[in-house]
Each structure stands twice: as C-alpha cells, then as structure tokens.
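Asker: this is a predicted model, with the sequence first.
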Amino acid sequence: MTTVDDRVRGLNALYQDRDAAEIIAHAVTEAFPGQIAFVSSFGAESAVLLSLMASVDPSIPVLFLDTHKLFGETVRYRSRLQHHLGLEDVRVIGPRKADLELDDPQGTLSMHDPDQCCRLRKTEPLERALKGFDCWATGRKRHQTGFRQDMEIVEFDGVKYKLNPLARWTRKDIADYSATHKLPPHPLVRQGYFSIGCMPCTSKVVDEDDARSGRWAGQAKTECGIHTPKVKS
C-alpha cells in the first residue's frame, strides 16, 4: 500500500528534472486530476505561476484570498491579470462577517496580534475553500526566506498535498519569464513594493535582494500561517 510519504517521495523524484510547465501539466492531468486548485495572492510575482497554469488549462480553479485589508491596486490587478491570461475560474474567498465582528470588530487586530489576524483573514478561509481539493499549488520559491529554503516541489502539510512548481526559480528566472511573455506587472512594484500582502503589514523595500523584508517589517514574523504544517483533526 502506497503511503503519503511514498507518494511525496515518488512525485519529487519524478519532478526532479522537469521544468515548471511539465510539473504543472503532470500534476493537473495525472497526479491530481480534478482535485487541484491554485492559490494566488495576485501579488508581485503571481503572474508567472498563473501564466504557466493557464497554458496548461485556464479552467483550473484559482483561489484568491480577499482579506478585506488588501491594497486597491491588488484587487484591480486581479481583474486585469484574469482577463490578460484568460483565467476562467477565479474564486474570491475571505473571512466570515460573523468572525470579523467577533474577533476584529474595530479592524485593528493586525496592529497588536498579526498572527491572529492572519488566522482570521487567511488561514481559516483558505482551509474552508480547500475542503473539496486534495492538492493546492503555490508560487513559493526557496530563495525567498529561510523557512522556504529547503522546501520540496511536492509536500504534505498534514492535511493536503502542496505543489510548489517554482521552488527552484530565482528572481532572475521570474523576471526573464515575465519579460518574455509580456506579463503585466503589479502596479505597486514600481513604487518599491516587491512582496505584496495586506496593506497594514506591507511596506516598501530598500534592499531588492530581500523582497520579503517588506512583510511584517521589524517583526520576527515571516509567514502568514497558511504554509505552516497542519494537524489533521
């Protein structure tokens, strides 16, 4: 009997010498047919993963987390990129109104407890949205943070399989692909935002080589929580 660990090892071995487009095509058509969703922030580098996905099948579900704390530019960019790439199934998900009224009635939770704000506005809504899927794909890369430097192309977070087709990509790879395919950039990038999340927790970056330094600047926090291992209940 094949275990989860066996499947993860097998897929990583299979994908070791394949490029991102081939990885996505295999995952979508053979490994997880009809059971995979792509999760996108429609942020600074999101266009590349979505472009690769659209080249395989533009009808694959794309989950977009609207935390109600996003930059207006991000919301408008989502619409522009969806049209540009011909994405056919972008699903906007977000926190429940009742949860916001209970846990963040003033909308200021991010100022004194960003971890709980991320749980309320990101982690829990995404967990609900992913209930119908076995696997979800992300645009994470190993070079982004220390937490991500050893991640595999295929992981299991305790509940779902996770696909990271761009794990090996560098910032140059992203820039080259974007230029070659004439992908529209997020409008905030030219203003110095190189990693874009929620407005209260995102700042401009001085060092372009450390794009994530603009997220939760001055804090030890580097992840919102959706990529930390889960415990299956």
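Answerer: Nice, I can see it. Numbers count the residues shown, from 1 in each chain.

Asker: burial count for Arg140?
Answerer: 22 (other Cβ atoms under 10 Å). Glycine gets a C-beta too; all of them are placed from N, C-alpha and C.

Asker: quick one, phi psi at it?
Answerer: Backbone torsions for Arg140, taken as degrees, to the nearest 10, come to phi -70, psi 150.

Asker: likewise Arg76?
Answerer: According to degrees, to the nearest 10, Arg76 has phi -70, psi -40.

Asker: nearest residue to it in space, please, no chain neighbours.
Answerer: Leaving aside its sequence neighbours, Arg76 sits nearest to Pro187 (Cβ to Cβ, 6 or more residues apart in numbering; 7.8 Å).

Asker: which element is the one you found on?
Answerer: Using DSSP states H and E, Pro187 maps to neither a helix nor a strand.

Asker: numbering from 658 from now on, please.
Answerer: All right, first residue 658 from here; so that's Pro844.

Asker: ok, now which ones touch it?
Answerer: By Cβ atoms under 8 Å, 6 or more residues apart in numbering, the contact list for Pro844 reads Glu730, Arg733, Tyr734.

Asker: then Leu777?
Answerer: By Cβ under 8 Å, 6+ apart, Leu777 lies in contact with Pro752, Asp756, Leu757, Asp760, Asp761, Leu766.

Asker: now list the buried members of the residues you listed.
Answerer: For these, a burial check counting by 16 or more other Cβ atoms under 10 Å picks out Pro752, Leu757, Asp760, Asp761, Leu766.

Asker: OK, contacts around the first one?
Answerer: Listed by Cβ under 8 Å, 6+ apart, the contact partners of Pro752 are Thr724, His725, Leu777, Arg778, Glu781, Pro782.

Asker: name the member of those with the most neighbours.
Answerer: Arg778 (26 neighbours).

Asker: wait, doesn't it sit right on Ile750?
Answerer: No - when contacts are counted by Cβ atoms under 8 Å, Arg778 is not listed as touching Ile750 (10.5 Å).
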